[in-house]
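Peer 1: No letters, just coordinates:
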């Protein structure tokens with residue numbers, strides 16, 4: 001049975017978010033903090049990867065953490081909007097930071113990595129299940145996936161402001177961690193483990209809060225306001241945020257951070273009178289057999 005894992009979102013808007021993040025001079029601060037917290041979970045991974053994939057590396061803020069954890073591993077950096085081979089990086093990236101070679105997702109070989117690391121990217125795609133399937137394809141047998149994303153309790157206060165003002169949806173819906181766990185199982189991962197924590201970020205002014213939200217993403221809900229917002233609307237939003245300031249006068253917003261990890265098991269083939277096996281699965285079974293000594 002095929003399960004539709006697509007979100008009811010504007011895919012083009014999400015693409016613009018990923019493009020903007022990949023071209024930013026620095027990744028969002030929150031991405032770096034979540035990467036640090038996710039790295040604290042690496043001790044559960046006992047294998048030492050020789051090849052790891054850092055998915056959407058530029059915005060993931062994880063390069064140094066992964067280098068410290070696995071200094072001998074070859075890091076493959078994947079970008080949704082990678083620069084094509086032989087083409088120079090955009091001039092603003094060269095000025096803003098050192099450009100690190102990266103590849104497009106389509107160029108990732110099947111079964112090449114022992115670890116796929118994907119920090120704060122899953123909520124920025126229209127079809128999380130398809131991306132999870134792509135991650136599994138990139139993993140070797142017994143390889144390990146670690147990812148983080150945001151959950152439905154994210155920006156709850158902002159949604160309340162939009163609802164009270166009848167402004168439509170504040171952002172596209174986020175996927176619950178239990179549904180993400182089901183997607184992992186549906187795509188063939190084994191022993192998925194999901195957990196979450198709620199972070200509360202604060203800013204000195206509404207303008208500072210909105211500027212950071214801009215760096216974190218954008219409104220890709222299909223039912224969002226379709227026109228351009230006015231300065232008057234912006235002033236009303238800032239005033240509504242200021243009304244919710246705490247006793248210290250700071251603006252607070254919530255972020256539910258979801259963490260997940262799972263193993264890529266050897267493919268299982270159910271034998272029938274006529275059995276069809278994907279080429280990728282045959283290759284995985286062959287590699288697994290050679291390691292266990294069951295194949296010549």
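Peer 2: That came in fine, so what should we check first? All figures in this text were calculated on a predicted structure; none of them were measured in a lab. Residues are numbered from 1 along each chain as shown.
Peer 1: Could you use CA atoms for every contact and neighbour count after this?
Peer 2: OK.
Peer 1: how much space between residue 14 and residue 246?
Peer 2: Distance, residue 14 to residue 246, by CA to CA, to the nearest Å: 32 Å.
Peer 1: between the two, who's got more neighbours?
Peer 2: Of the pair residue 14 and residue 246, residue 14 is the one with more neighbours under other CA atoms under 10 Å, namely 21 against 11.
Peer 1: Tell me if that one really is in a helix.
Peer 2: Yes: counting by DSSP: H, G, I helix; E, B strand; the rest coil, residue 14 is located in a helix.
Peer 1: contacting residues for it?
Peer 2: With contacts defined as CA atoms under 8 Å, 6 or more residues apart in numbering, residue 14 is in contact with 124-126, 218, 220.
Peer 1: Pull the most distant pair out of those.
Peer 2: Of all pairs drawn from those, the one with the longest distance (CA to CA) is 126 and 218, at 13.4 Å.
Peer 1: Of the two, which one has the most company?
Peer 2: Set residue 126 next to residue 218 and count neighbours by other CA under 10 Å: residue 126 wins out with 21 against 17.
Peer 1: What does the pLDDT read for the more buried one?
Peer 2: We note a pLDDT of 92 for residue 126 in this prediction.
Peer 1: secondary structure element for it?
Peer 2: Taking DSSP states H and E as the definition, one finds residue 126 inside no helix or strand.
Peer 1: Test my guess that it contacts residue 6.
Peer 2: Yes: with contact defined as CA atoms under 8 Å, residue 126 and residue 6 form a contacting pair (5.7 Å).
Peer 1: Residue 138: neighbouring residues, count only.
Peer 2: Under the criterion other CA under 10 Å, the count of neighbours that residue 138 has is 24.
Peer 1: what sits against it?
Peer 2: Remark: with contacts taken as CA under 8 Å, 6+ apart, residue 138 is in contact with 108-113, 116.
Peer 1: closest to residue 135 among those residues?
Peer 2: The shortest approach to residue 135 among the contacts of residue 138 belongs to residue 116, at 6.7 Å (CA to CA).
Peer 1: Look up the pLDDT of that closest one for me, please.
Peer 2: According to the model, residue 116 carries a pLDDT of 98.
Peer 1: Ramachandran coordinates for it?
Peer 2: When quoted as degrees, to the nearest 10, the phi and psi of residue 116 stand at phi -110, psi 120.
Peer 1: Residue 52: which element?
Peer 2: Once you assign secondary structure using DSSP H and E, residue 52 falls within strand 51-55.
Peer 1: list the buried ones in stretch 57-67?
Peer 2: By neighbour count with 16 or more other CA atoms under 10 Å, stretch 57-67 contains the buried residues 57-62, 65-66.
Peer 1: That one - what's its average pLDDT?
Peer 2: Here the average pLDDT along stretch 57-67 is 96.
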